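**Q** fold the following.
(chains A, B and C)
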Amino acid sequence: MIVLFTDFGLEGPYTGQVKAVLYGAAPGIPIVELFANAPAGQPKPGAYLLAAYGIWFPPGTVLLAVIDPGVGSNRGALILEAEGRWYVGPDNGLFELVTRRAASTRTWDILWRPEELSASFHGRDLFAPVAAQVARGELPSHMPREAEIGRHSDWPDDLPEIIYIDRYGNAMTGLRAALLPAGGRLTVCGRVLKRARTFSDVSPGDAFWYENSNGLAEIAVNGGRAAEALDLVIGSPVAIDC
Amino acid sequence: MIVLFTDFGLEGPYTGQVKAVLYGAAPGIPIVELFANAPAGQPKPGAYLLAAYGIWFPPGTVLLAVIDPGVGSNRGALILEAEGRWYVGPDNGLFELVTRRAASTRTWDILWRPEELSASFHGRDLFAPVAAQVARGELPSHMPREAEIGRHSDWPDDLPEIIYIDRYGNAMTGLRAALLPAGGRLTVCGRVLKRARTFSDVSPGDAFWYENSNGLAEIAVNGGRAAEALDLVIGSPVAIDC
Amino acid sequence: MIVLFTDFGLEGPYTGQVKAVLYGAAPGIPIVELFANAPAGQPKPGAYLLAAYGIWFPPGTVLLAVIDPGVGSNRGALILEAEGRWYVGPDNGLFELVTRRAASTRTWDILWRPEELSASFHGRDLFAPVAAQVARGELPSHMPREAEIGRHSDWPDDLPEIIYIDRYGNAMTGLRAALLPAGGRLTVCGRVLKRARTFSDVSPGDAFWYENSNGLAEIAVNGGRAAEALDLVIGSPVAIDC
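**A** Purely as a prediction, here's the structure:
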């Protein structure tokens, strides 16, 4: 299975062209659009989102992960193998947390370049053909990188910020709920929120936080839109109140 | 064919994870996203929309239908067979009109539970595996329910309200056009609207109603957006003016 | 491969029903949604967008292209073969630029009508079955049109207007960049814009134009949204400043 994790959107031409490349170069392999609205142009929150959601897929999955504000510059391009899953995308920090949390990884620089490489759409021209190749079981013939350079070692293991707002107005944090104290509270924009198991455990209109279905601490309002009610955007800080 | 009828959206992670489960558990069966923006958290208008659109698909189709504000509570989970089509989803009224309008139905409570069941995403963890099983031709081994309990018997056969606003700003009602008087008018928000066959039969800018391509009475403006022009939202009442 | 180029959106019922028809009538053929947000109800800008993006696909591709404000009226329906690619859709100018730019074309009027033809959704009822038929390799048995009538001969070869705003706020013009002077500037809404190769070649916040990944001149702001910053909408005029 090839899984798309991008900020390309679905209605415009970008995801469609990527899928056309994949169908052509890896026929018969199912394609799943996981995120098409990952934080636009922001690899840092994207890295925490990818780490939380990528691990849900079975080993052997190929994740084509592209948030790529530096497209057309000299930023590198990577294939990452982490605990049996494959990630293909730009070398801009997007794979930092996947790498850091995995027991074992291998990383290759993508050296191949297509005959025609546009300046603005490497998702289609570079990463999709490479993802298709990996999905067909063809690995790079050159050696993996000798050692990882911790370019983003200043990024924390969990990010105390809002990293994604979903269509219901729920706000995901970059914090893994399992690492938070059981009765812990979260403070966002001056509001102290208690933990609940799910929506129906609090009164309508009440704000709370809960462990979402992929393990992240997520802020919600029962029957409402937390992002608007609490004025949350990607990057809003979250404090852990023990 | 497996058809998705949800309020999950397409750009975020929900539909993608559901599709990943389906591709894994029912390989080779096409998946169609019918509605990803069904009325969010509102099973009642959703029930009229599902009844109008589900019947368009050929017998044998499996409809995974999830509008599920009570996820994580003790609401039940259902498999419904209605005139050869299969519906899988929560027991919250969403299947009320499909059941009521079908000549024959069978309903099973879903007793199976997955090893890992999140509190907030039964679409992925419970309903998708069951829908895949049904699509593979495996039926529940336990007996169907003995008798239907008319929990929503107070809901009318046709709902005189707006139940959906489409991307063009057209507003679908919960009224089947074939049951309305041929020359009948509809009144919404104080505006009396005549019936027309289609857009090009009225002058640009004119509001009217017509039988949409799935049999519902739908309010539109030629070359405009009816929802904004007439101030319509899901739940706006519609009066039949004979 | 069947490629969808429409203004139907993805979240509502229209694209899903089209795909259900295609899966049924052309099983096993991949479907790619290229544009679901082509200029709504506007075949003229759509024609320039289709010409730029259709040619990216390999010969043999079937493009189901529907922007159809005249649905239900007596406008015609076409199959167009242009340099090995197939286009199916309404006869309203949408294929004008594909036809004009191709070395050789053949055009057939679609004479077939389905048993049930809705007044408002020919994409599903008429064009999808015909596209599936073409994708299966079945061509019309009747003769192509003898001669093309230049109904839209007043449309220019390149359209100096904004024809599409993408999800990043970038604004595509109907101008092919390869035909513009190398150092040429574009003027939109009183702003004179220089050409750059890509985003990372200008300073953050700077507006510029560049050749996009399908050859159109596109207006962008590095790290910003050009449409909002420059107040651009579909139809905004663009002047070439040599």
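**Q** contacting residues for the residue nearest to the spatial centre of chain A?
**A** Nearest to the geometric centre of chain A sits A:Leu50, at 2.3 Å (CA atoms, centre = their mean). Listed by CB atoms under 8 Å, 6 or more residues apart in numbering or on different chains, the contact set of A:Leu50 reads A:Phe5, A:Ala38, A:Leu63, A:Ala65, A:Tyr87, A:Leu94, A:Phe95, A:Leu97, A:Val98. Yep, even glycine has a C-beta here, placed from its N, CA and C like the rest.
**Q** among these, who's most crowded?
**A** A:Ala65 (31 neighbours; other CB atoms under 10 Å in any protein chain shown).
**Q** isn't that residue up against A:Gly89?
**A** Yes: at 4.1 Å, A:Ala65 and A:Gly89 qualify as touching, with contact defined as CB atoms under 8 Å.
**Q** please save the CA atoms from the helix or strand of chain A with the lowest mean pLDDT in PDB.
**A** Between all helices and strands in chain A, the lowest mean by mean pLDDT, DSSP states H and E belongs to strand A:238-241, at a mean of 92. Taking C-alpha atoms only, strand A:238-241 is exported to PDB below (Å, rounded to 0.1, in the frame of the first residue of the first chain):
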ATOM      1  CA  VAL A 238       0.000  23.900  25.100                       C
ATOM      2  CA  ALA A 239       1.100  23.600  28.800                       C
ATOM      3  CA  ILE A 240       1.100  20.400  30.800                       C
ATOM      4  CA  ASP A 241      -0.400  21.000  34.200                       C
END
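**Q** what do A:Ala65 and A:Gly89 both touch?
**A** With CB under 8 Å, 6+ apart as the test, A:Ala65 and A:Gly89 both reach A:Phe95.
**Q** just give the nearest non-adjacent residue to A:Phe8, would you?
**A** Take A:Phe8 and drop its neighbours on the chain: the residue closest to it by CB to CB, 6 or more residues apart in numbering or on different chains is A:Tyr14, 3.7 Å away.
**Q** circling back: sec struct for the residue nearest to the centre of chain A, please.
**A** helix (DSSP: H, G, I helix; E, B strand; the rest coil).
**Q** and the gap between the nearest residue to A:Ser236 once chain neighbours are set aside and chain B?
**A** What sits nearest to A:Ser236 in space, not counting adjacent residues and going by CB to CB, 6+ apart, is A:Ile162, at 4.4 Å. Look at A:Ile162 and chain B: by CB to the nearest CB, to the nearest Å, they are 14 Å apart.
**Q** please apply the same query to A:Leu10.
**A** 6 Å.
**Q** and that residue, how many neighbours?
**A** A:Leu10 - counted by other CB under 10 Å - has 26 other residues nearby.
**Q** so what's the residue lying farthest from the centre of chain A closest to, chain neighbours aside?
**A** Residue farthest from the centre of chain A, counting by CA atoms, centre = their mean, is A:Ser203 at 31.5 Å. Spatial nearest neighbour of A:Ser203, chain neighbours left out: A:Asn222 (6.7 Å); criterion: CB to CB, 6+ apart.
**Q** for A:Asp166, same thing?
**A** B:Gly12 (5.0 Å).
**Q** next one: A:Gly205
**A** A:Gly224 (5.9 Å).
**Q** okay, the one you found and A:Leu230: tell me how far apart.
**A** From A:Gly224 across to A:Leu230, the span is 10 Å (CB to CB, to the nearest Å).
**Q** what's the overlap in contacts for the two?
**A** In contact with both A:Gly224 and A:Leu230: A:Ala207, using CB under 8 Å, 6+ apart.
**Q** who's more crowded, these two?
**A** Taking other CB under 10 Å, A:Gly224 and A:Leu230 do not tie; A:Leu230 has more neighbours (21 against 17).
**Q** just list the residues touching the more buried one, thanks.
**A** So A:Leu230 contacts A:Ala171, A:Val188, A:Cys189, A:Arg191, A:Ala207, A:Ile219, A:Val221 (CB under 8 Å, 6+ apart).
**Q** what's the separation between the fourth one and chain B?
**A** Right, the one you point to is A:Arg191. From A:Arg191 to chain B the distance is 21 Å (CB to the nearest CB).
**Q** quick one: neighbours of that residue, just the number.
**A** So A:Arg191, with other CB under 10 Å, has 15 neighbours.
**Q** for the fifth one, same thing?
**A** By other CB under 10 Å, the residues close to A:Ala207 number 19.
**Q** what's the closest non-adjacent residue to it?
**A** A:Ala207 sits nearest to A:Val221 (CB to CB, 6+ apart), 4.8 Å away.
**Q** the one you found contacts A:Trp209, correct?
**A** No: using CB under 8 Å as the test, A:Val221 is too far from A:Trp209 to be in contact (10.6 Å).
**Q** looking at these two now, which is surrounded by more residues?
**A** Remark: of A:Val221 and A:Trp209, A:Trp209 carries more neighbours, 26 against 23, as counted by other CB under 10 Å.
**Q** thinking again about what came up before, and the residue nearest to A:Ala207, what does it touch?
**A** A:Gly169, A:Gly205, A:Asp206, A:Ala207, A:Phe208, A:Ala229, A:Leu230.
**Q** so what's the second one up against?
**A** To tie it back to what came earlier, the one meant is A:Gly205. A:Gly205 neighbours (CB under 8 Å, 6+ apart): A:Val221, A:Asn222, A:Gly223, A:Gly224.
**Q** likewise for the third one?
**A** Residues counted as contacts of A:Asp206 (CB under 8 Å, 6+ apart) are A:Val221, A:Asn222.
**Q** again, but for the fifth one
**A** If a contact means CB under 8 Å, 6+ apart, then A:Phe208 has A:Leu193, A:Lys194, A:Arg195, A:Ala196, A:Asp201, A:Val202, A:Ile219, A:Ala220, A:Val221, A:Asn222 as its contacts.
**Q** tell me the least confident of those?
**A** Minimum pLDDT across the contacts of A:Phe208 is recorded for A:Asp201, with 89.
**Q** number of residues surrounding that one?
**A** 15.
**Q** I'd assumed the residue nearest to A:Ser236 was in a strand, is it?
**A** Yes: residue state for A:Ile162 (three-state DSSP) corresponds to a strand.
**Q** report pLDDT for it.
**A** pLDDT recorded at A:Ile162 is 98.
**Q** with the one 10 residues further on instead?
**A** As predicted, A:Met172 sits at a pLDDT of 98.
**Q** and if you look at A:Leu94?
**A** What the model reports for A:Leu94 is a pLDDT of 97.
**Q** how about A:Phe127?
**A** 98.
**Q** need the residues of chain A near chain B, please.
**A** For chain A, the contact set with chain B under CB under 8 Å from any CB of the partner chain comprises A:1, A:3-4, A:9-10, A:30, A:32-37, A:53, A:56-58, A:164, A:166-168, A:197-201, A:210-214, A:223.
**Q** circling back: which residues are in contact with the residue nearest to A:Ser236?
**A** Here A:Ile162 is in contact with A:Pro45, A:Ala171, A:Met172, A:Thr173, A:Val188, A:Ile219, A:Leu232, A:Val233, A:Ile234, A:Gly235, A:Ser236, A:Val238 (CB under 8 Å, 6+ apart).
**Q** rerun at 7 Å
**A** A:Ala171, A:Met172, A:Thr173, A:Leu232, A:Val233, A:Ile234, A:Gly235, A:Ser236, A:Val238 (CB atoms under 7 Å, 6 or more residues apart in numbering or on different chains).
**Q** what's the closest of the residues you listed to chain B?
**A** Within the contacts of A:Ile162, the smallest distance to chain B is 9.5 Å, found for A:Met172 (CB to the nearest CB).
**Q** show me what the helix or strand encompassing the closest one is packed up against.
**A** Secondary structure assigned from DSSP states H and E places A:Met172 in strand A:171-176. Counting contacts by 3 or more CB pairs under 7 Å, 6 or more residues apart in numbering or on different chains; DSSP states H and E, strand A:171-176 packs against strand A:159-165, strand A:216-221.
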